[in-house]
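S.K.: need a structure here:
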Amino acid sequence: MARSMAMALFPRTPCLSSSPSRICFFNSFRQGGINYLNARCNRLDSAYFLAGKPRCYSGSVEDSTISSSSSSSANAIPAKKRVVSGVQPTGSIHLGNYLGAIKNWVSLQDTYETLFFIVDLHAITLPYDAEKLSKLTRDAAAIYIACGIDTSKASVFAQSHVSAHAELTWLLNCVTPIGWLNKMIQFKEKSRKAGDENVGTGLLTYPVLMASDILLYQCDLVPVGDDQKQHLELTRELAERVNFLFGGRKWKKLGGHGGKLFKIPDALISPEGARVMSLTDGLSKMSKSTPSDQSRINLLDTKDIIANKFKRCKTDSFTGLEFGNPERPECNNLLSIYQLVTGKTKQEVVQECKDMNWGQFKPLIADAVIAHLEPIQARYKEITADSTYLDSVLAEGALKAATIADTTLRNVYEAMGFLPCTRR
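M.R.: Numbers count the residues shown, from 1 in each chain. Just a heads-up that it's a prediction; the model follows:
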């Protein structure tokens, strides 16, 4: 996974909350002015974790309340749950990124406390152009805002601008069993394409960096696509492992607060548009890494390019158009894209398009996508024309993010036994 978001920051122990609605792992109560924690976590077998064996998290997550008095508790304002997400600045952000992630973020920012960042550290796990990385990062931030991310509601920042991401990744790398990483499907697929001998270590430890991105912010929910579920599950397993190895009484003996170091996040999966497929292969995800630009609609493509890509996209020889036929993946994908950019219901799309042939539908979907992207492209040009504005958005977002992330990192350093830094 740029807005002045009024964040409800965690106290020194970021897993605690004064909100009944924030998911947490402890019940806390005030007694004599001091908060006492009653840990309510599943008992974990020490041999299980020390052996480095994954464990599927299935424990229930209880709400946390802090009540100094019945009257103050009744007047407490529920805090919003926290959501974090990001997109890599490699290549151009495309329609799949937008419909599968960014478009959904726009609605999330009204319901949740949100942090959306450009994951530029992830962008270097495969060969990349160093001369273009900075510009692509800025472009991605501009697209976030152009797509509707409101900088008064959410924070936008570059991942590398918050050093805690890299620091926590190293700490987590040191306690992550190599067997967990070797099982990651995306690593196997990408390393096979790149050639096993040429793959950098960063590609193997990519999921650990992703875990750091999530756990640093003690978030409740993470918007993920189907292909990222395995990475999120590893994040949850890793959080439980660290909580067991270094949290609770062990942390308290070292002078810390005790309790859990990390919150266990849940997946937030959109019912529609979670996975937009390639224009050249309805069974493959639309991706920046696919060599052919014909496979995707980039958000900044011109009208002519968009029309030409749809004109040449892969279809089939069946009569009529329909959703859900497993023998027609391209048809299902194109109808889904049309539904999402027009805002129509599936039934409305079916009624409109069921008797069409491809010669009739392709211009229709091209025009719909062009019309949907036109205001985004116009807003993008306005934003990129004012570099000062974009710089200020990124700086403000990074500052707010670091406030949360640094608290988490400081607690992890303390729980892992590091000598406190006295540098001023």
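S.K.: show me what secondary structure element comes after the host helix or strand of residue 348.
M.R.: Element membership for residue 348, per DSSP states H and E: helix 346-353. Per DSSP H and E, helix 346-353 leads on to helix 358-384 as the next helix or strand towards the C-terminus.
S.K.: now for the helix or strand following that following helix, which elements pack on it?
M.R.: Where DSSP H and E defines the elements, the next helix or strand beyond helix 358-384 is helix 387-415. Helix 387-415 sits against strand 113-118, helix 130-146, strand 154-158, helix 164-173, helix 229-246, helix 248-253, helix 358-384, with contacts defined as 3 or more CB pairs under 8 Å, 6 or more residues apart in numbering; DSSP states H and E. For glycine as for every other residue, the C-beta is placed from the backbone atoms N, C-alpha and C.
S.K.: centre of the chain to the longest one, how far?
M.R.: Between the mean C-alpha location of helix 358-384 and the chain-wide mean there is a distance of 25 Å, by CA atoms, centre = their mean, to the nearest Å.
S.K.: now stretch 164-179: average pLDDT?
M.R.: Mean per-residue pLDDT for stretch 164-179: 96.
S.K.: ugh, typo on my part, it should be stretch 207-225
M.R.: Stretch 207-225 comes out at a mean pLDDT of 94.
S.K.: likewise for stretch 330-348?
M.R.: According to the model, stretch 330-348 has a mean pLDDT of 96.
S.K.: tell me the buried residues in that stretch?
M.R.: 330-342, 344 (16 or more other CB atoms under 10 Å).
S.K.: so can I have JSON lines of these showing distance to residue 286 and secondary structure?
M.R.: Formatted as JSON lines, the buried residues of stretch 330-348 follow (distance: CB to CB, whole Å; DSSP: H, G, I helix; E, B strand; the rest coil):
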{"residue": "330", "distance to residue 286": "12", "secondary structure": "helix"}
{"residue": "331", "distance to residue 286": "16", "secondary structure": "helix"}
{"residue": "332", "distance to residue 286": "14", "secondary structure": "helix"}
{"residue": "333", "distance to residue 286": "9", "secondary structure": "helix"}
{"residue": "334", "distance to residue 286": "12", "secondary structure": "helix"}
{"residue": "335", "distance to residue 286": "15", "secondary structure": "helix"}
{"residue": "336", "distance to residue 286": "11", "secondary structure": "helix"}
{"residue": "337", "distance to residue 286": "9", "secondary structure": "helix"}
{"residue": "338", "distance to residue 286": "15", "secondary structure": "helix"}
{"residue": "339", "distance to residue 286": "16", "secondary structure": "helix"}
{"residue": "340", "distance to residue 286": "13", "secondary structure": "helix"}
{"residue": "341", "distance to residue 286": "14", "secondary structure": "helix"}
{"residue": "342", "distance to residue 286": "18", "secondary structure": "helix"}
{"residue": "344", "distance to residue 286": "21", "secondary structure": "coil"}
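S.K.: dump these to JSON lines, plus distance to residue 422.
M.R.: JSON lines is the format used below for these (distance: CB to CB, whole Å):
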{"residue": "330", "distance to residue 422": "62"}
{"residue": "331", "distance to residue 422": "64"}
{"residue": "332", "distance to residue 422": "60"}
{"residue": "333", "distance to residue 422": "57"}
{"residue": "334", "distance to residue 422": "61"}
{"residue": "335", "distance to residue 422": "62"}
{"residue": "336", "distance to residue 422": "56"}
{"residue": "337", "distance to residue 422": "56"}
{"residue": "338", "distance to residue 422": "60"}
{"residue": "339", "distance to residue 422": "58"}
{"residue": "340", "distance to residue 422": "54"}
{"residue": "341", "distance to residue 422": "56"}
{"residue": "342", "distance to residue 422": "60"}
{"residue": "344", "distance to residue 422": "61"}
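S.K.: tell me which of these is nearest to residue 182?
M.R.: residue 333 (31.9 Å; CB to CB).
S.K.: the closest residue to that closest one other than its chain neighbours bridge partners, please.
M.R.: Spatial nearest neighbour of residue 333, chain neighbours left out: residue 277 (4.1 Å); criterion: CB to CB, 6 or more residues apart in numbering. As for beta bridges, residue 277 partners with residue 285 under DSSP bridges.
S.K.: residue contacts, residue 277?
M.R.: 96, 283-286, 329-330, 333 (CB atoms under 8 Å, 6 or more residues apart in numbering).
S.K.: identify the residue spatially nearest to residue 167, adjacent ones excluded.
M.R.: For residue 167, ignoring the flanking residues on the chain, the nearest one in space by CB to CB, 6+ apart is residue 409 at 5.9 Å.
S.K.: my bad, should have said residue 332
M.R.: residue 323 (5.6 Å).
S.K.: that neighbour - that's part of a helix, no?
M.R.: No - counting by DSSP: H, G, I helix; E, B strand; the rest coil, residue 323 falls outside a helix, being coil.
S.K.: got a pLDDT number for it?
M.R.: pLDDT, residue 323: 96.
S.K.: gap between it and residue 315?
M.R.: Using CB to CB, to the nearest Å, one obtains 15 Å as the distance from residue 323 to residue 315.
S.K.: does the spatially most central residue of the chain count as helix, strand or coil?
M.R.: Closest residue to the average C-alpha location of the chain: residue 85 at 2.5 Å, with CA atoms, centre = their mean. Following three-state DSSP, the label given to residue 85 is strand.
S.K.: wait, it sits on residue 100?
M.R.: No - Residue 85 lies out of contact with residue 100 (CB atoms under 8 Å); the separation is 10.8 Å.
S.K.: name the residues contacting each of the two.
M.R.: With CB under 8 Å, 6+ apart, residue 85 and residue 100 have no common neighbours.
S.K.: isn't residue 224 right up against residue 268?
M.R.: Yes - counting by CB under 8 Å, residue 224 touches residue 268, with 7.2 Å between them.
S.K.: of these two, which one has the most company?
M.R.: Set residue 224 next to residue 268 and count neighbours by other CB atoms under 10 Å: residue 224 wins out with 26 against 18.
S.K.: tally of neighbours for residue 303?
M.R.: 15.
S.K.: list the contacts of it.
M.R.: When contacts are counted by CB under 8 Å, 6+ apart, residue 303 is found next to residue 370.
S.K.: report pLDDT for it.
M.R.: 97.
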